[in-house]
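Trainee: Any chance you could fold what I've pasted below:
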Amino acid sequence: TAHTSVVKFKCGRTKHEKLPDGSYKVTPIAARGYLDLQNVRTGMYELVWSTRDGTVPRDSHNNIILFKSEQRLDKVATGNDDDQVFVITLQNNRRHFFWVQEPDREEWKKIEAQLREALGCDDSDALNAALAAIGLSPADVNQPSGGQND
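Mentor: All right, here's what the predicted structure looks like:
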């Protein structure tokens, strides 16, 4: 059975390693591709990365099963304002880092909102928790004003 695409966008994969201080070194993999969030059934999704020609690598960093409200989606501060990197952190603390290849930042904001809505991700408290987990503070990234959902 084919899954329905919820949102698909230009995106790359990364390699990452945990450093002794608890932070992560994230290195983009050069391949250009697409990240496709597919609806498997109500509340269950599959995140599939493919190359621009449609090839889907079969490895442990692809075809990630996600359940609504059971992961965080967080922006990653890289030290470069032009970078658009995000991490999906599962409940078991397994992390999947991606770099956005959409050149239009406004388009990325719309895509990010679609991802958050589909996955039930909050962008305030979850962001702060994820930042702390990788050794950063909210001051290290650009956040919308307020930062708290009431």
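Trainee: CA only for contacts and neighbour counts going forward, please
Mentor: Will do.
Trainee: what sits up against the longest strand belonging to the chain?
Mentor: In the chain, assigned by DSSP state E, the strand with the most residues is strand 4-18. Residues outside strand 4-18 that contact it (CA atoms under 8 Å, 6 or more residues apart in numbering) are 24-40, 49, 97-102, 111, 114-115, 118.
Trainee: and with 6 Å instead?
Mentor: 24-29, 32-39, 97-102 (CA atoms under 6 Å, 6 or more residues apart in numbering).
Trainee: who touches the helix or strand that it is followed by?
Mentor: As assigned by DSSP states H and E, the chain's next helix or strand after strand 4-18 is strand 24-28. Contact partners of strand 24-28, identified using CA under 6 Å, 6+ apart, comprise 14-18.
Trainee: measure residue 111 to residue 6 for me?
Mentor: Look at residue 111 and residue 6: by CA to CA, to the nearest Å, they are 10 Å apart.
Trainee: How about residue 107?
Mentor: Distance of residue 107 to residue 6, given as CA to CA: 15 Å.
Trainee: Quick one, which of the contacts of strand 4-18 are buried?
Mentor: 24, 26, 32-39, 97-102 (16 or more other CA atoms under 10 Å).
Trainee: closest to residue 72 among these?
Mentor: Using CA to CA, residue 97 comes nearest to residue 72 of the buried ones among the contacts of strand 4-18, at 11.7 Å.
Trainee: How about the secondary structure of the closest one?
Mentor: Using DSSP: H, G, I helix; E, B strand; the rest coil, the structure places residue 97 in strand.
Trainee: For it, which non-adjacent residue is spatially closest?
Mentor: residue 87 (4.3 Å; CA to CA, 6 or more residues apart in numbering).
Trainee: In the sheet, which strands lie alongside the one helix or strand that neighbour maps to, parallel or antiparallel?
Mentor: Residue 87 belongs to strand 85-90 when assigned by DSSP H and E. Here strand 85-90 has these sheet partners by DSSP bridges: strand 71-76 (antiparallel), strand 95-100 (antiparallel).
Trainee: what angle sits between the host helix or strand of residue 110 and strand 85-90?
Mentor: Here residue 110, judged by DSSP H and E, is contained in helix 105-119. Between the axes of helix 105-119 and strand 85-90, defined by axes from the mean of the first three to the mean of the last three CA atoms, to 10 degrees, the angle is 0 degrees.
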